Structures are given as C-alpha cells and as structure tokens.
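In: need the 3D shape of this:
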Amino acid sequence: MQTVAALYVRSDSVYRSIANVNCWDKDRDARHYPGPHPVVAHPPCARWGRYATVGGRGHGQDQGCGAAATAAVRRWGGVLEHPKDSHLWDWMCIPKPGDDPDYWGGYTVRIDQIAYGHCCIKPTWLYLVGVPRQDFIPQLHGGEQARPLEHLSKAQRERTPRPMALELIRLASRVGVRRAA
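Out: Below is the predicted model of the structure:
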C-alpha cells in the first residue's frame with residue numbers, strides 16, 4: 001500500500017498506529033503539506049457547521065485550514081472528511097452528494113460514522129478526488145444503539161474510529177490506480 005498523509009489529525013490520533021501513514025497534527029501545520037502522497041484530510045469543522053455563527057464567530061474563520069485541505073485533496077488526491085451539510089462545500093465549490101463530479105473529478109458521498117465504529121450516528125460527507133467511484137463501498141450499521149453526540153466529550157466527538165481510518169486510508173491509497181478494461 002502506498003504512503004498516505006493524514007492531515008489535521010489529533011496528536012493522539014489512531015492514524016499514528018497505522019503503517020504507511022504520514023501524520024500532520026497541530027504541531028506540523030497541515031496547511032503547509034508539500035505532497036506528494038494522497039491525503040486523508042480532517043480539517044477542523046467547528047467554523048463550518050450549523051453553530052459556527054454563534055458567539056460572533058463566522059463560517060470559514062479557521063485560519064485557512066479548510067481551504068488548504070481542499071487544495072491538498074485536489075492536488076494530491078484522496079479524501080476530505082467533514083460533517084454532513086458543512087458550509088465548506090459551498091465555500092470551496094465542492095459537489096454535494098448526488099451532484100456531478102467537479103473540475104478535479106471529485107465527488108461527494110455520505111456515510112454514517114456509526115457504521116465504522118463510532119458510538120454516534122454522526123452523518124458525514126467524504127469528498128473524494130482521484131478515487132475510482134467503484135472503490136467506494138458504503139458500510140451499513142447493524143442497528144447498534146447510537147449515543148447522543150452532545151453527551152460526548154470534545155475528544156470523543158473528534159476521534160476517528162480505527163475502522164473508519166483504515167477505510168479512508170484504503171480509499172486514498174487507490175488514487176492513481178487504473179483498472180484494466
């Protein structure tokens with residue numbers, strides 16, 4: 001499997017325990033990722049969600065992280081993960097689920113993180129560039145009882161479950177892979 005860069009991950013991220021993953025946390029400043037590996041990007045989402053305008057904050061006030069993550073996925077290929085209905089999609093002209101691919105061939109799919117081991121449903125959008133659409137295989141959850149997201153700590157809400165991290169790495173590692181006709 002080719003090396004994948006995991007951008008905007010927590011310093012205690014599960015990605016650190018996975019082979020062939022180059023982690024970029026707060027100390028490495030993923031806004032300056034130079035390539036050349038495909039990426040799995042988890043830019044901060046607080047400034048892009050439904051509550052971003054509460055308390056005088058506004059959409060997009062994330063020091064350029066969302067824009068840099070989008071640019072990295074478009075340049076190097078891979079996956080950008082954000083909550084469903086993230087305003088980042090409108091700001092960066094990212095196609096929403098069901099839309100035609102964009103100029104970079106990128107498309108968006110919706111998943112529920114509970115299907116990948118999260119204790120909450122956590123509806124999520126994945127923007128994929130360079131990943132053949134047939135390589136995305138949606139997972140369905142088996143009816144596990146979901147906990148309310150509001151009852152979790154910030155760290156619990158932010159953590160990527162290992163099965164989800166492995167799937168995002170698998171998808172990003174498909175960048176540039178051509179299928180025989």
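
In: now name the helix or strand holding Leu168.
Out: helix 162-172 (DSSP states H and E).

In: counting by contacts, list what that helix packs against.
Out: strand 4-7, strand 39-41, strand 78-83, strand 123-129 (3 or more CB pairs under 8 Å, 6 or more residues apart in numbering; DSSP states H and E). (Glycine included, C-beta is placed from N, CA and C.)

In: next, the angle strand 123-129 makes with that helix.
Out: Here helix 162-172 runs at 20 degrees with respect to strand 123-129, directions being taken by axes from the mean of the first three to the mean of the last three CA atoms, to 10 degrees.

In: ok, and what's touching helix 162-172?
Out: Applying CB atoms under 8 Å, 6 or more residues apart in numbering, the external contacts of helix 162-172 come out as 1, 4, 6, 13-15, 18, 20-21, 38-40, 77-79, 81, 113, 116-118, 126, 128, 131, 135-136, 139, 160.

In: give the buried residues for it.
Out: 164-172 (16 or more other CB atoms under 10 Å).

In: for it, the averaged confidence score.
Out: Here helix 162-172 scores 93 as its mean pLDDT.

In: just for this structure, where's the confidence low?
Out: Residue ranges of the chain with pLDDT under 70: 1, 49-61, 140-158, 177-181.
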